[in-house]
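[1] Just the structure for this:
(one chain, ligands or ions: 1)
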Amino acid sequence: MKVYASCKHCKAELWYKTKAETRIELVMLKGKLISCTCKSCGREQQLDVNELKAKYSKTPQWIAGIIFCVGTLGSLYLGYFVLENIRNHYLAYCACSLLVMPGLVYGILHQEERRRVNAFNQMWG
Ligand SMILES: [Zn+2]
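    Okay, the predicted model is just below:
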């Protein structure tokens, strides 16, 4: 995940990409001090892991948005069949579940992202 801090020299936002999911994991992988070069002023500095913070990414929103568009189009398409074969309850069920799916997927992705960010941002000894 990406973790963020601010540059000690110019206060620009720095980010650091790591495989670690928590601060403890990051310390185990890289040690308590992480060296990072500022993209804004080009100065290298040592960042304490406690200064790094995880942020929510926009990816779940994007995925949910795409699923929502596809789901809505699919539902409209299925809707025609449902109207033509009104007695077919299975198709009606499909159309309904397609409308509910984007919200569900978004909820799951958002929850997972929140769990990851909270896990990283938790303070430790
Ligand atoms: Zn800087």
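[2] in the chain, which residue is closest to the centre?
    The residue lying closest to the centre of the chain (CA atoms, centre = their mean) is residue 57, at 4.0 Å.
[3] helices or strands up against the worst-scoring helix or strand of the chain on mean pLDDT?
    One helix or strand of the chain scores below all others by mean pLDDT, DSSP states H and E: helix 59-84, with a mean of 77. Counting contacts by 3 or more CB pairs under 8 Å, 6 or more residues apart in numbering; DSSP states H and E, helix 59-84 is packed against helix 89-121. Quick note: C-beta positions are derived from backbone N, CA and C, even for glycine.
[4] from what I can see the residue nearest to the centre of the chain touches residue 2, true?
    Yes: if you go by CB atoms under 8 Å, residue 57 and residue 2 touch, sitting 7.3 Å apart.
[5] Now do the closest residue to residue 12 other than its chain neighbours against residue 34, distance only.
    Using CB to CB, 6 or more residues apart in numbering and skipping the chain neighbours, the partner closest in space to residue 12 is residue 40 (3.5 Å). Counting by CB to CB, to the nearest Å, the gap from residue 40 to residue 34 is 17 Å.
[6] So between the two, which is more surrounded?
    Higher neighbour count among residue 40 and residue 34: residue 34, with 21 against 12, using other CB atoms under 10 Å.
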